[in-house]
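Asks: structure of the sequence below:
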Amino acid sequence: MTTKATIHVPGLKVTVPLAADALPRDLVPMEGPAGEPTLELVLDGGPLTARARLNGKNYRKMLKTIAEHGTGNVAVVLQGVLRPPADQGGAFVLEGAGFQVNIKPG
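Replies: Numbers count the residues shown, from 1 in each chain. This is a model prediction of the structure:
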């Protein structure tokens, strides 16, 4: 009887809860073009790094929601598909990364 099997997949859907107060407030300007900022996510205790290119307008909207409700009153989640590094030893890529901000019932 086999106790282990391997299935190759092109990516992994990941959901990363983030502390609202840990998100940089200066990653996008609050006025004008927001661009496509990048967040680097580093797994505590290991070398795994993933880069998430973000929609600047989505990031700005998230910051405004956090400012309106307070860091302790929101739950912030970053979602995307984890893809392997383009180069050997490079960072993983969180493709299609986007934020979901939920206001905690109070």
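
Asks: the strands in the protein, which residues?
Replies: Taking DSSP state E, the strands of the chain run over residues 12-18, 38-42, 49-53, 74-83, 92-103.

Asks: quick one: closest of those strands to Thr3.
Replies: Nearest of those to Thr3, taken as Cβ to Cβ: strand 12-18 at 22.4 Å. C-beta: built from backbone N, CA, C; applies to glycine.

Asks: OK, contacts around the residue at minimal distance from the centre of the chain?
Replies: For the chain, the residue sitting closest to the mean C-alpha position, by Cα atoms, centre = their mean, is Leu78 at 3.7 Å. Each residue near Leu78 by Cβ atoms under 8 Å, 6 or more residues apart in numbering is listed here: Thr15, Val16, Leu18, Leu39, Leu41, Ala52, Leu94, Ala97, Gly98, Phe99.

Asks: quick check: of the residues you listed, which has the highest neighbour count?
Replies: Leu94 (26 neighbours; other Cβ atoms under 10 Å).

Asks: okay, it: pLDDT?
Replies: We have a pLDDT of 97 for Leu94.

Asks: got the contact list for it?
Replies: Val14, Leu41, Ala50, Arg51, Ala52, Leu78, Gly80, Val81, Leu82, Arg83.

Asks: rebuild these as a markdown table, extending it with pLDDT and distance to Thr65.
Replies: Output for these, formatted as a markdown table (pLDDT from 0 to 100; distance: Cβ to Cβ, whole Å):
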| residue | pLDDT | distance to Thr65 |
| --- | --- | --- |
| Val14 | 97 | 22 |
| Leu41 | 96 | 21 |
| Ala50 | 96 | 24 |
| Arg51 | 97 | 24 |
| Ala52 | 97 | 18 |
| Leu78 | 98 | 14 |
| Gly80 | 97 | 19 |
| Val81 | 98 | 24 |
| Leu82 | 97 | 25 |
| Arg83 | 97 | 28 |
